[in-house]
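S.K.: quick one: sequence plus predicted model below, questions after.
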Amino acid sequence: MSAQPFIVGLTGGIGSGKSAAADLFAELGAVIVDTDQIAHALTAPGGAAMAAIRESFGDGVLNGDGALNRPAMRALAFESPEARKRLEGILHPMIRQESERQCLAASAPYVILAVPLLIESGAYRERVHRLCVVDCPEAVQVARVMQRSGLDELQVRAIMAAQASRAERLAAADDVVDNAGSLEALRTQVARLHSGYLALAAPPGGL
Ligand code: ADP
């Protein structure tokens, strides 16, 4: 068994630039454990969560290839808080277990644990040694998500309203990445944080 690595939680509102920041950390050699990617893998064709989902919800939430039919599941979860809870009851423990496994398997000085709703989740806040928040003004978030997804402003604002507020995220952060500017400006900040995390993960005179 390897020792628990130093874990930096990476979060931010939708469209803030979490994925862009995670990609830059990865370029510098950090290992990224991404709970969104894990959720996708669990619900892909043959994914480890699909048998339990099929048993609980029936074939109506599966695609022909056996993957989760996301629009169908989203509609069901939106209509029924009970169904949403049931789905989370299947997925959340599996995501947690797999992310723990990946963190322990990482052979890197530190791990970036990317969790979109980390601030909203008690479970993940307890698991990170340090919390890094990617931040930008709400208007920038809206513009980026509209461009990326084709959703309209009301739809994007509805998603944002269901997430922690910008102020709540900033209050919880140990480190804030200001991603209102260019990707080059983002790169500079990520490089500085990377040096800091290496030092925190292996302090001079440490073990
Ligand atoms: P999140 O993972 O937080 O939802 P992304 O990293 O996917 O956000 O970024 C949202 C969109 O904005 C993407 O299309 C991404 O390429 C773009 N983007 C992110 N940061 C910047 C930036 N500094 N300048 C321009 N575009 C950016």
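M.R.: Nice, I can see it.
S.K.: pLDDT score assigned to the residue nearest the centre of the chain?
M.R.: Central residue check for the chain by C-alpha atoms, centre = their mean: the C-alpha nearest the mean position is that of residue 115, 2.4 Å away. With respect to pLDDT, residue 115 has a value of 97.
S.K.: check residue 26 too.
M.R.: For residue 26, the predicted pLDDT is 96.
S.K.: buried ones in the lowest-mean-pLDDT helix or strand in the chain, by neighbour count?
M.R.: Every helix and strand of the chain was ranked by mean pLDDT, DSSP states H and E. The lowest is helix 122-125, at a mean of 81. Residues of helix 122-125 classed as buried by neighbour count (16 or more other C-beta atoms under 10 Å): residue 124. Bear in mind the C-beta positions are built from the backbone N, C-alpha and C, glycine included.
S.K.: residues from this protein in reach of the ligand?
M.R.: Applying C-beta under 6 Å from any ligand atom, one finds that the chain approaches the ligand through 12, 14-20, 144, 148, 179, 182-183, 186.
S.K.: now, of those residues, which are buried?
M.R.: Among these, those that count as buried by neighbour count (16+ other C-beta under 10 Å) are 12, 14-20, 144, 179, 186.
S.K.: quick one: mean pLDDT over the longest helix along the chain.
M.R.: Of all the elements of type helix in the chain, the one with the most residues (DSSP state H) is helix 81-105. The predicted model assigns helix 81-105 a mean pLDDT of 96.
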